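> only geometry, no sequence info:
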């Protein structure tokens, strides 16, 4: 049976960006990123999680960092040019992005928010992010991911 294409995969196909799809077994709930890395056979430093935040200005920002790391809110605010940054409430994720918690991807959100990637991705040949649903990841070149999301890199972790 052919694997179901997610919206993320359709966007990548449309833009002719090469990627490798990875799927992993899951229940109803999101599993933590380190577990996702194990289940997909990828090193945790190559698997990135997508975090949605809100700045003091009420603007939303997306931060994409390695799954085993923690977002440093001060560094995030500095990168975004905000006084402060806070995580959005989990109940807002779907309405804001079109994705569910644990299946949030920087690619293909309802609205393209300003997106920042942890600078460690620059040294990787490929990195993986959610394919837009729990149980699916896409692995691609960081430069391609940064380009299609109009992202920037910065020091973002604790």
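In hand now; what should we look at? The structure displayed is predicted, hence computed values, not measured ones. Residues are numbered from 1 along each chain as shown.
> going by C-alpha atoms from here, please, whenever you check contacts or count neighbours.
Will do.
> can you list the buried residues in the lowest-mean-pLDDT helix or strand in the chain?
Among the helices and strands of the chain, helix 33-40 carries the lowest confidence by mean pLDDT, DSSP states H and E, at a mean of 90. Using 16 or more other Cα atoms under 10 Å as the test for burial, helix 33-40 gives 33, 34, 36, 37, 40.
> can you list the buried residues in the helix or strand hosting residue 96?
When secondary structure is defined by DSSP states H and E, residue 96 falls within helix 93-97. By neighbour count with 16+ other Cα under 10 Å, helix 93-97 contains the buried residues 93, 96, 97.
> in this protein, which spans are helices?
Defined through DSSP state H, the helices belonging to the chain, from first to last, are 7-14, 33-40, 73-80, 93-97, 142-148.
> including distance to residue 27, could those go into a markdown table?
What follows is the helices of the chain, written out as a markdown table (distance: least, Cα to Cα, whole Å):
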| stretch | distance to residue 27 |
| --- | --- |
| helix 7-14 | 21 |
| helix 33-40 | 12 |
| helix 73-80 | 30 |
| helix 93-97 | 19 |
| helix 142-148 | 28 |
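> ok, and the closest non-adjacent residue to the residue nearest the centre of the chain?
Nearest to the mean C-alpha position of the chain, counting by Cα atoms, centre = their mean, stands residue 50 at 2.9 Å. In this structure, residue 50 finds its nearest non-sequential neighbour in residue 64, 4.6 Å apart by Cα to Cα, 6 or more residues apart in numbering.
> residues near that neighbour, how many?
Residues contacting residue 64 under the criterion other Cα atoms under 10 Å number 24.
> what sits against it?
With contacts taken as Cα atoms under 8 Å, 6 or more residues apart in numbering, residue 64 has the following neighbours: 48, 49, 50, 51, 106, 115, 116, 117, 118.
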